[in-house]
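**Student:** next input, structure requested:
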Amino acid sequence: MFMGEYAHNIDKKGRMIIPAKFREELDMKVIITRGLDGCLNAYTKQQWEIIYDQLLKLPTTKKDARMFVRMMTSKAAECEIDAQGRVLIPSSLIAVAQLQKECMIIGAANHIEIWAKEKWEAVDEQANESFEEIAENLSDFML
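**Tutor:** Modelled structure (predicted):
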């Protein structure tokens, strides 16, 4: 289970520290791919296998399904966490999320999200302003 938010910098080589609380669950490997809303998603190997199985179930006769599978898998990368707790993010993914120096690493229940700090702050502000409305709209899905 991933929760909390952490500020970390990405260096010029594309390395970023993964918070220690998250590393415990990641087992020194993480699958990073394109996320929604302009971030990157990082999954444990087990969680990625679940996502991958779901991708395989999408109908290949539907154009949107084919495009979604391509976008999720073409950018996906298995990354190792080094002895210093850093992960090397591929340059193609850095470009997708427009990561520069300051980044935010967010726990999102079953995965991690990696955001450019400015993007996260805008999303966080918008969500804070309408939190109660969002909760009400999703009440049918919550216990």
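
**Student:** where does this protein dip in pLDDT?
**Tutor:** 143 (pLDDT under 70).

**Student:** what helix or strand is the residue most central in space within it located in?
**Tutor:** Nearest to the mean C-alpha position of the chain, by CA atoms, centre = their mean, lies Asn41 at 1.6 Å. Of the helices and strands defined by DSSP states H and E, Asn41 is found in strand 40-43.

**Student:** after that strand comes which helix or strand?
**Tutor:** Sequence-wise, the next helix or strand downstream of strand 40-43 (DSSP H and E) is helix 45-57.

**Student:** state the next helix or strand along the chain beyond that next one.
**Tutor:** Heading C-terminal from helix 45-57, the first helix or strand you meet, by DSSP H and E, is helix 63-74.

**Student:** which other helices and strands does that next one contact?
**Tutor:** Judged by 3 or more CB pairs under 8 Å, 6 or more residues apart in numbering; DSSP states H and E, helix 63-74 is in contact with strand 29-34, helix 45-57. All C-beta spots, glycine's among them, are computed from the backbone N, C-alpha and C.

**Student:** tell me the angle of the longest one relative to helix 63-74?
**Tutor:** For helix 45-57 and helix 63-74, the angle between their directions (axes from the mean of the first three to the mean of the last three CA atoms, to 10 degrees) works out to 150 degrees.

**Student:** give the other helices and strands that helix 45-57 contacts.
**Tutor:** strand 29-34, helix 63-74.

**Student:** can you tell me which of these is nearest to Ala108?
**Tutor:** In terms of CB to CB, the element of the helices and strands packed on helix 45-57 nearest to Ala108 is strand 29-34, at 13.4 Å.

**Student:** CA atoms of that closest one as PDB?
**Tutor:** Provided in PDB are the C-alpha atoms of strand 29-34 (Å, rounded to 0.1, in the frame of the first residue of the first chain):
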ATOM      1  CA  LYS A  29      12.600  -3.200  -8.900                       C
ATOM      2  CA  VAL A  30       9.800  -1.000 -10.200                       C
ATOM      3  CA  ILE A  31       7.900  -0.800 -13.500                       C
ATOM      4  CA  ILE A  32       7.500   2.800 -14.600                       C
ATOM      5  CA  THR A  33       5.200   3.900 -17.400                       C
ATOM      6  CA  ARG A  34       3.000   6.800 -18.600                       C
END
